Every structure is written in structure tokens, then in C-alpha cells.
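Trainee: predicted model and sequence follow; I will ask about them next.
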Amino acid sequence: MNTRLTTEEIVRTFVEYYEDRGHRRVTGSTLLPPPGDPVLFTTSGMHPLTPYLEGRPHPLGRRLVNVQRCLRTTDLDEVGDTTHLTVFEMLGSWSLGDYEGPQSLDWGYGLLTDGFGIDPRLLHVTVFGGDEQTGPDTDSLDLWQDRGVPVELTTEDNWWSNGPTGPCGPDSEIFLWTGDGPPRSTPTGDDRWVEIWNHVMMRHRRLDDGSLVPLPQRNVDTGLGLERLSSLLQGRRSVFECDVFDPWRRLLPPLWRLDEPSLRLVGDHLRSSVVVIGDGVRPSNTGQGYVLRRLVRRLLTVLWRDDSSRTLGDLPDELVRHTLDRFRQRLDPGVVREVLLDEERRFVRLLERGRQVLSRPRFRGPDRLSEEDLHYLHDTHGLPRDLVLGLRPR
């Protein structure tokens, strides 16, 4: 692999590769979906393109490429491991009723092996094996077998949908071996196979009754996480070690002594909060503002677990500026800092009330708090489990 590629060079290589093949770049990227969209944040590169996948003509044509920033709360409990981020960038390519899945997979294979220098012997793929409604994806299977890439057939793992209804279809996921020594097992059998790219053959719409009907056109939608790809191409052990996080790794550990998973969570949630604020969201008790509030309070919970004197006021300006620049956001870093500090002050006041609540007879004594107590404290007083357990007198 070419470990010399920077993240910016990876983006440029990806975009130019598809532009050379007739794709037009979709510019503009925000975490906020258009008005009326029921989803709080953009969760994938395809989200803003849903109307065009359903048949509306796109002004730039039928072949598109872009870099889209995304936010996913479904992976919050995974953040702190080596591969998950709350806010990340997604590289994507689309065929809106133009070429089919095998062409997309062939180009993807060429970009990974020739463009990025990945040894094809380190690749493994999964392909949809069919179910009671849809047959196996033999076109993708044939393409991979022609390229000599090992294939694993699955059912649920290789069917993509954006919800219980709407556009969906079979997909083929490409995995890279990250373990020591030669590859072994399969992606479902060994987690050292890391998914790097998903190609969705979006041909169907699922109706309310669960049945499938054809979309007006047969699309291909691909997406790969930029930070994950960068970490793998740069030979790093986690997404937090790719060059995007260089200033975070340099400045955070001396500031706050934390174990590695906690350091990753704090760095991720701080970085994500900066991006969310940069897109115009402010903390609140509902909607997008609640997601931001949850991120800030979750990272403060981790920070204060060992030392209650820690404060976001110590956050270096360089990290805020670096993140705003990285995501091309024009906002005064001082505004971001004030939003974070204001939320920290609100959380401190909440904790003071929490201590008063925990001093009530119901919560005193040697017995452990019940699940009912913990739910009550969270739902009624907004006190997270970790802080409750830390605040309760022992």
C-alpha cells in the first residue's frame, strides 16, 4: 500500500479517477438535511441524492461523485474502538440509471489496486446470496470471480436499505485484511477483515407491506469512509491515527491523561461537536440540538470521571481552527468555544441538582441503585448513568 498518501491526496485521487470516467462532482456538503426531511442529520453520501435515485433528473447528469460529511448516532456506543467516528467524511460515486453494478465494482477494484496501490491478495468481498424475495447477485459474483477476489455470500449483511421502506437493493462490500501474516477466514469470521467500500445496486423500493417493487431506474450507489480509508492506506492501527487527527494526537494527551478508548471518545465527540456547531446547530433539549448536547455531555462525563476540575476552556484553539478548516466551515473559533463553555456551565448546574437528588433517602444506603432508579434519574433529571454512579456517595 502507498502509505505516503495524505488524506487530501486520497480525496483528489478518488474524485479525479471518477471525473476521468465521466462523473461530475457534486459540491456543497452539510450535516443538515433539507427542510421537511424527517432525518436529523445527513447519515450517508446518498441521503441528499434520494430524489434522484428515485428518478428525478439530476442537473449534473447521471454519473456523480462527491465528498459528503456525515453524522451517525447509531454508532455512538462503538466510538472509542479503532474504526468508528460520529462525524466523518464519505467518498461516493453514483450511477443514476446509467451503468450497472459490475462496471462499478470493476472501477472500484481498479482504483483500490492501481490508484491506491493495495495488494489484491489482501482483498475479500461479500455478495448478496439471495432470499425468499430476491435471487442471488450473480452479476457481482461473476465479476469478482473473474478478478480472482475471494467471495463470501451472505443475506442480511449484503442487503442495503435506508429504513423499513424506500429505496434498497443488494450490495457488495469490499474488505481489506489488517492482520499480521497472510489473510485467513472470511469477513464474517474474522474482524481483522475491515470493510472499506460498499457498492449498492439500488434497484428496488420496499413498500409498507414489506413487498418490493422496481425503482424507475437501476442505480448504483457507492460509499467509503474517508478517515477509515486514510488510516488503512497510511498503515495506521485506527482511524484516530490517520493524518487528519495529527493535531489531536499531539495536543490532547498532554492536556488530559486518559486511557486510549476514553481519549478517542473525547477527541471524536469534541471534533464532532465543533462540526455540528459549525453547521449552525446549538444545544437544546430536542432534535439536532439534543444530539449536540448529548455529545458534549457525554465527553464531559468521561473527562470528569477521574478529575472534576477539567474544563473545555483548556481546549486549544488550534484544534477548533483545524476542524473548522478541515470541514470548510466559516465560523469564528471563539463562537465555538463559547457554545461549548456555555453547555459545560449548564451541565455543571445540572450535576449540582443531581447531587441534591442523590442525597434523598430513596438513593442513600449501601444497596446498588436499581435499573428503575437509573432510568428515573436519567429521564426525570437528565443525569447519565456514568455520572450518577460517580456522584453517588460510597
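Mentor: That came through, no problem.

Trainee: need the strands for the stretch 151-300 of the chain, in chain order.
Mentor: With DSSP state E, counting those that start in this stretch as the criterion, the stretch 151-300 of the chain has strands at 151-154, 159-161, 166-177, 193-206, 212-225.

Trainee: gap between His28 and Thr6?
Mentor: One thing to correct before we go on: residue 28 is Gly, not His. Gly28 is 23 Å from Thr6, where distance means CB to CB, to the nearest Å. In this view, the C-beta of every residue, glycine as well, is placed from N, C-alpha and C.

Trainee: with neighbour numbers in mind, choose between the two.
Mentor: Neighbour count, other CB atoms under 10 Å: between Gly28 and Thr6, Thr6 has more, with 14 against 8.

Trainee: does that one touch Cys242 like I think?
Mentor: No - the criterion here is CB atoms under 8 Å, and Thr6 misses it with Cys242 at 9.2 Å.

Trainee: for Val67, pull up the helix or strand it's in.
Mentor: strand 63-71 (DSSP states H and E).

Trainee: partner strands of that strand, parallel or antiparallel?
Mentor: The pairing partners recorded for strand 63-71 under DSSP bridges are strand 24-26 (parallel), strand 87-95 (antiparallel).

Trainee: closest to Gly334 out of those?
Mentor: strand 87-95 (20.9 Å; CB to CB).

Trainee: got the angle between the following helix or strand past the closest one and strand 87-95?
Mentor: Moving toward the C-terminus from strand 87-95, the next helix or strand (DSSP H and E) is helix 101-110. Orientation check (axes from the mean of the first three to the mean of the last three CA atoms, to 10 degrees): helix 101-110 against strand 87-95 gives 130 degrees.

Trainee: let me see the mean pLDDT of the helix or strand following helix 101-110.
Mentor: On the C-terminal side of helix 101-110, the closest following helix or strand by DSSP H and E is strand 123-128. The pLDDT scores in strand 123-128 average 98.

Trainee: what helices and strands are in contact with strand 123-128?
Mentor: Using 3 or more CB pairs under 8 Å, 6 or more residues apart in numbering; DSSP states H and E, the elements in contact with strand 123-128 are helix 138-147, strand 151-154, strand 166-177.

Trainee: let's see it at 10 Å
Mentor: helix 101-110, helix 138-147, strand 151-154, strand 166-177, strand 193-206 (3 or more CB pairs under 10 Å, 6 or more residues apart in numbering; DSSP states H and E).

Trainee: give me the low-pLDDT residue ranges for this structure?
Mentor: The chain contains residues with pLDDT under 70 at 1-3, 366, 386, 390-394.

Trainee: quick one on the thing from earlier: now the common contact residues for Thr6 and Cys242.
Mentor: Overlap of the contact sets of Thr6 and Cys242 (by CB atoms under 10 Å, 6 or more residues apart in numbering) consists of 230, 233-234.

Trainee: any of those buried? List them.
Mentor: 230, 233-234 (16 or more other CB atoms under 10 Å).

Trainee: okay if I get the residues you listed as TSV plus distance to Val11?
Mentor: Below are those laid out as TSV (distance: CB to CB, whole Å):
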residue	distance to Val11
Ser230	9
Leu233	12
Gln234	14
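
Trainee: returning to that earlier point: got a markdown table for the strands paired with strand 63-71, with mean neighbour count and distance to His378 too?
Mentor: Listed next are the strands paired with strand 63-71 as a markdown table, based on neighbours: other CB atoms under 10 Å; distance: least, CB to CB, whole Å:
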| stretch | mean neighbour count | distance to His378 |
| --- | --- | --- |
| strand 24-26 | 16 | 40 |
| strand 87-95 | 24 | 24 |
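
Trainee: mind checking which of the helices and strands packed on strand 123-128 is nearest Phe347?
Mentor: Short answer: strand 193-206, nearest of the helices and strands packed on strand 123-128 by CB to CB, at 35.2 Å.

Trainee: okay, now the sheet partners of the closest one, with direction.
Mentor: strand 166-177 (antiparallel), strand 212-225 (antiparallel).

Trainee: which of those strands sits most buried?
Mentor: For the strands paired with strand 193-206, the largest average neighbour count (mean count of other CB atoms under 10 Å) is found in strand 166-177, namely a mean of 23.

Trainee: for the closest residue in space to Leu232 that isn't next to it in sequence, name its beta-bridge partners.
Mentor: Spatial nearest neighbour of Leu232, chain neighbours left out: Leu176 (5.7 Å); criterion: CB to CB, 6 or more residues apart in numbering. Beta-bridge partners recorded for Leu176 (DSSP bridges): Leu123, Val194.

Trainee: ok, Leu176 - contacts?
Mentor: 1, 112, 118-119, 122-124, 183, 187, 192-197, 228-229, 232-233.

Trainee: of those, keep whichever come out buried.
Mentor: Buried among the contacts of Leu176 (16+ other CB under 10 Å): 112, 118, 122-124, 183, 187, 192-197, 228-229, 232-233.
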